[in-house]
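Asker: how would this look folded up:
(chains A and B)
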Amino acid sequence: MDPMDAIKQTYFQECDELLASLEEGLLSLEAGEADSDTINAVFRAVHSVKGGAGAFGFDAMVSFAHVFETTLDAMRSGKLDPDPESVKLMLRAADVLADHVAAAKGEGAVDETRAHAMADELAALVAPEGGAPRASAAVAAPVADEGGADDWGFKPLKFGDDDPPASPAGWRLIMRPTKAMYAKGHDALLFLRELSRLGPTATTLDTSWLPNLDGLDPEESYCTWTAELPAETPEIAIRDIFDFVGDDCPIELTLTAAVSEEAPAAAPAAPIDIDALLNSVRTPTAEREALEGGAEKPAAAAPAADKAANKNAPAPAGGGATIRVDLERVDRMIDLVGELVINQAMLQQRVTESGAARSSTIAMGLDELEQLTREIQDSVMAIRAQPVKSVFQRMPRLVREAASATGKQVRLVMEGEGTEVDKTVIERLSDPITHMLRNAIDHGLESTEERIASGKQEEGTVRLAALHRSGRIVIEVSDDGKGINRPKVREIAVKKGLVAVDANLSDEEIDNLIFLPGFSTATSVSNLSGRGVGMDVVKRSIQALGGRITISSIPGKGSTFTLSLPLTLAVLDGMVVSVGAQTLVAPLTTIIETLRPKPEEVRRLGPRGAVLAVRGSHVPLIDIGVALGQRAEPIDPTQGVVLLVESEVGGRAALVADEIQGQRQVVIKSLEANFQRVEGVAAATILGDGRVALILDVDAVVEKVFSDRRDAAPLAKAS
Amino acid sequence: MKLPQILDLAAATTLRTQLMERRGQKLALDGGEVERLGGLCLQVLIAARNQWRVDGVDFRIVNPSPAFADGARLMGADASLGDAP
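Answerer: Numbers count the residues shown, from 1 in each chain, chains lettered A, B, ... in the order given. Predicted coordinates:
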């Protein structure tokens, strides 16, 4: 890849993160959690997007971001209240900025009219009464290059004198570039130019340490600069400019009106940094001494001052240090660890076969190896684990757009955004969640009038939640709308020939009809969810991930769609069982208990059916071999073992296998990728003895058997 | 003497050498083609101006390009280049 492209890609990745934190910050402002840290973070996000955009020449993005930034700046300095209206506007502005980023990536275009209108609205927010809007003036000339070339005139320097400083208080920035900074290709000029973009800047140059030409090392840094900026300039914006040079260009930033009574009023969010002030008094002497000792020393003396000055700066987002790693490398490592797990299992089996006692040193050593292997595996998995936030944060925009498309008032509540799940799962969560949310708004929520009529709040609530439950991630999408209209669903299903007219269906079964291919309750195809993609597609994509989807609905109160997905698609804790000549793995998460039934617990039902009495209730017995088509006749349950499982579709069931071999972690190998999808089988794995074993899809097996037994034959299509 | 287009890190050493070669001569540096003036070259120019002043020889910058003037102004260079600090 072209190195420039690589840098650009990194920038786009950063943009995604920045846009996410922008939206997150704005949402918490909207929720009324307006503290200066949040506003700073929001400002910084837009500022950083703009910075990169400038470097890559995305001019339209720079202009828009500049206006946005100016408005945020006003909010930061307390001139603009983060009231709900302004924040709502900024959320929409964030969407436009996201469009700009997408356009820069080549993934779409910016609606110019919308972008301009948005820029005007933003500018209007900060327009001083009776004066020209500052922001729109900035669009016209985002770079402070006004007042063309003069004739090398030696006047005191001041930019933008049309905008005199609001108060005598201001920032004083002392900047001490080092030789190292220049050597790395940075230049004092660039920083001063950036500073000048923040507002009217008065810069003075200190050449007192500059020797005459005969004694000059042309690559050494001798000059320091002092820049005065208005007090309302966000401190973070100033510090951000120097963020990436670190100790190569130490800075001291102080509020000059420290002794003035007015200073706190002028910049309430920027407390006076006593340490930095003290340092600004102390360092000149220190520096002088250092300079006398050698040219490199000012750099060594200054960082201490810089550190002190930085103490009040907010911690970088994310806290600890991070690195970016190519996902391929992580995947390769996960594959290798998978092989390691298999290999370790094989080794263990060989040792067992060789007749070594469990207490022998070799067996104990192997136990330790197993422990270690598992830890390595967990650690590697943790590398890929990510909070679902990356998917969730795209949803507020979707909800805003869906709400405006349907004319409904919608409030989105998100919970459990920090819930972690494997990256491979996260990537595939976006589409189903998007679809379910759209459905909830389009079909679930009533119109405002209907809501008022039924005595509900005008604003409908859609809740999106993520949580961990028994080793899986559960995503819930619920609404407080009208619930599933069961008579209508049934009527449609009958009309479309999906169920028999006289079929006796439970509420749950009726609800599940909406997952049938081709089912749609919308009388007219709406712009929003009726795009020919039904809930059947959602269900299939969830199933492909080894997940399940269920509905619960209360008429008049709302519906909840629950997705349950494995945390990772790479490994699984399973119970290894024999069925006939085959070895199968049942996912441990689905098994409640295992037992060997007594003859009196088994009750025959009809010619082939049977139920098992467990703790006062009866559970259908399902012979795994028969269900998978391995044998024609079921074995006597009392001669085999029973796995009592909980399925999402049919509640509890008792799966009959010949015997249990043991419990172990297996590495999942996709059957679809290597062979094809097989009904009742979720995936495959390689066992310790090198043989392939199939991993049971417990839900599919239970559902298949239940639907086979049901006389309503058309329902079989549902699986 | 014409100043080069780019006055950055890479140009600083050469610029100093060229100026040193002209030491003692009256100097008018033509800044008309300068597209970028960086901090290091600004140091070289100010050091030269000071040197020439010590030597009692005339030193001037003529015809500064907009980029040159802009760079110098951003770096607060007016005062230092005008009057000896």
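
Asker: who's in contact with the residue nearest to residue A:126 when sequence neighbours are not counted?
Answerer: Closest residue in space to residue A:126, ignoring its immediate chain neighbours: residue A:74 at 4.2 Å, by C-beta to C-beta, 6 or more residues apart in numbering or on different chains. Every C-beta, even on glycine, is put in place using the N, C-alpha and C of the backbone. Residue A:74 is in contact with A:80, A:125, A:126, counting by C-beta atoms under 8 Å, 6 or more residues apart in numbering or on different chains.

Asker: most neighbours, which of the residues you listed?
Answerer: Ranked by neighbour count (other C-beta atoms under 10 Å in any protein chain shown), the contacts of residue A:74 have residue A:125 at the top, with 23 neighbours.

Asker: Show the backbone phi and psi for that residue.
Answerer: Per-residue torsions, residue A:125: phi -60, psi -40 (degrees, to the nearest 10).

Asker: rewinding a little: mind saving the C-alpha coords of whichever strand or helix holds the residue nearest to residue A:126 as CSV?
Answerer: Counting by DSSP states H and E, the element that carries residue A:74 is helix A:59-76. What follows is helix A:59-76, C-alpha atoms only, in CSV (Å, rounded to 0.1, in the frame of the first residue of the first chain):
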residue,chain,number,x,y,z
ASP,A,59,-11.4,21.2,2.0
ALA,A,60,-15.2,20.9,2.3
MET,A,61,-14.8,18.9,5.5
VAL,A,62,-12.4,21.4,6.9
SER,A,63,-14.8,24.3,6.2
PHE,A,64,-17.7,22.5,7.8
ALA,A,65,-15.7,21.2,10.8
HIS,A,66,-14.4,24.7,11.3
VAL,A,67,-17.9,26.2,11.7
PHE,A,68,-18.8,23.3,13.9
GLU,A,69,-15.7,23.8,16.0
THR,A,70,-16.4,27.5,16.3
THR,A,71,-19.8,26.8,17.7
LEU,A,72,-18.5,24.2,20.1
ASP,A,73,-15.8,26.7,21.1
ALA,A,74,-18.6,29.1,22.1
MET,A,75,-20.1,26.4,24.1
ARG,A,76,-16.8,25.6,25.7
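
Asker: In it, which residues are buried?
Answerer: Across helix A:59-76, burial judged by 16 or more other C-beta atoms under 10 Å in any protein chain shown covers A:61-76.

Asker: what's the answer for stretch A:329-336, then?
Answerer: For stretch A:329-336, a neighbour-count test (16+ other C-beta under 10 Å) marks residue A:334 as buried.

Asker: which stretches of chain B aren't confidently modelled?
Answerer: B:78-85 (pLDDT under 70).

Asker: Can you pull the domain assignment for chain A?
Answerer: Here chain A is described, according to automatic domain parsing, as comprising the domains A:3-140, A:170-310, A:330-386, A:388-566, A:571-710.

Asker: Endpoint to endpoint, the fourth one covers what distance?
Answerer: By C-alpha to C-alpha, to the nearest Å, the extent of domain A:388-566 from end to end equals 13 Å.

Asker: The third one now?
Answerer: One end of domain A:330-386 to the other measures 13 Å (C-alpha to C-alpha).

Asker: average pLDDT for that domain?
Answerer: For domain A:330-386, the mean pLDDT works out to 83.

Asker: Spit out the contact partners of the residue lying closest to residue A:18 once chain neighbours are set aside.
Answerer: Distances taken as C-beta to C-beta, 6+ apart place residue A:45 nearest to residue A:18, at 4.3 Å, with adjacent residues excluded. Residues in contact with residue A:45, defined by C-beta under 8 Å, 6+ apart, are A:18, A:19, A:21, A:22, A:25.

Asker: swap in residue B:2?
Answerer: The contact partners of residue B:2, by C-beta under 8 Å, 6+ apart, come to B:29, B:30, B:32, B:33.

Asker: Can you spell out which residues form a bridge with residue A:171?
Answerer: Residue A:171 forms beta bridges with residue A:229, residue A:255, as assigned by DSSP bridges.

Asker: Just to check, it is in contact with residue A:229?
Answerer: Yes. Counting by C-beta atoms under 8 Å, residue A:171 touches residue A:229, with 4.3 Å between them.

Asker: so after the strand or helix carrying residue A:337, what's the next helix or strand?
Answerer: Element membership for residue A:337, per DSSP H and E: helix A:327-353. Of the helices and strands lying after helix A:327-353 in sequence (DSSP H and E), the nearest is helix A:361-384.

Asker: Just the buried positions in that following helix, please.
Answerer: By neighbour count on 16+ other C-beta under 10 Å, the buried set for helix A:361-384 is A:366, A:370, A:373, A:377, A:380, A:381, A:384.

Asker: again, but for stretch A:485-505
Answerer: A:486, A:489, A:490, A:492, A:493, A:494, A:498, A:499, A:503, A:505.

Asker: What's the mean pLDDT across it?
Answerer: 84.

Asker: quick one, phi/psi of the nearest residue to residue B:8 once chain neighbours are set aside?
Answerer: Excluding the flanking residues, the one nearest residue B:8 by C-beta to C-beta, 6+ apart is residue B:38, at 4.3 Å. Phi and psi for residue B:38, reported as degrees, to the nearest 10, are phi -100, psi 180.

Asker: what's residue B:38 in contact with, if anything?
Answerer: Contacts here follow C-beta under 8 Å, 6+ apart; on that basis residue B:38 touches A:182, A:187, A:188, A:189, B:7, B:8, B:9, B:11, B:12, B:71.

Asker: related to what we said a few turns ago, would you mind getting the angle between whichever strand or helix holds the residue nearest to residue A:18 and helix A:59-76?
Answerer: According to DSSP H and E, residue A:45 maps onto helix A:36-56. Angle, helix A:36-56 to helix A:59-76, by axes from the mean of the first three to the mean of the last three C-alpha atoms, to 10 degrees: 160 degrees.

Asker: Any buried residues in helix A:36-56, and which?
Answerer: Buried, per 16+ other C-beta under 10 Å, within helix A:36-56: A:36, A:38-54.

Asker: what sits up against the helix ranked longest in chain B?
Answerer: Longest among the helix segments of chain B by residue count, using DSSP state H, is helix B:39-55. For helix B:39-55, contacts defined as C-beta under 8 Å, 6+ apart pick out A:177, A:182, A:187-189, A:207, A:210-214, A:216, A:218-219, A:221-223, B:7-9, B:11-12, B:15-16, B:19, B:23-24, B:27, B:29, B:58-59, B:61, B:71-72, B:75, B:77, B:80-81, B:84.

Asker: Let's see which of those residues end up in strands.
Answerer: Mapping the contacts of helix B:39-55 onto strands (DSSP state E) picks out B:7, B:27, B:29, B:59, B:61.

Asker: Put the buried members of those into a ChimeraX selection.
Answerer: A single ChimeraX command selects the buried members of the ones in strands among the contacts of helix B:39-55 (16+ other C-beta under 10 Å):
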select /B:7,27,29,59,61
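
Asker: Of the ones in strands among the contacts of helix B:39-55, which ones also sit close to chain A?
Answerer: Near chain A, taking C-beta under 8 Å from any C-beta of the partner chain as the test, the members of these found are residue B:61.

Asker: got CSV for the ones in strands among the contacts of helix B:39-55, with distance to residue A:330 too?
Answerer: CSV is the format used below for the ones in strands among the contacts of helix B:39-55 (distance: C-beta to C-beta, whole Å):
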residue, distance to residue A:330
B:7, 46
B:27, 61
B:29, 56
B:59, 61
B:61, 56
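
Asker: Looking at strand pairing, list the partners for residue A:695.
Answerer: Note on residue A:695: beta-bridge partners residue A:585, residue A:683, judged by DSSP bridges.

Asker: Number of residues surrounding it?
Answerer: Neighbours of residue A:695 (other C-beta under 10 Å): 21.

Asker: my guess is it contacts residue A:686, does it?
Answerer: No. Counting by C-beta under 8 Å, residue A:695 stays clear of residue A:686, with 11.2 Å between them.

Asker: Show me the common contact partners of the two, please.
Answerer: Shared contacts of residue A:695 and residue A:686 (C-beta under 8 Å, 6+ apart): residue A:666.

Asker: show me what contacts the residue in the stretch 501-650 of chain A that chain B sits nearest to?
Answerer: Relative to chain B, the nearest point of the stretch 501-650 of chain A is residue A:570 (49.1 Å; C-beta to the nearest C-beta). Counting by C-beta under 8 Å, 6+ apart, residue A:570 makes contact with A:334, A:338, A:381, A:422, A:424, A:667, A:668.
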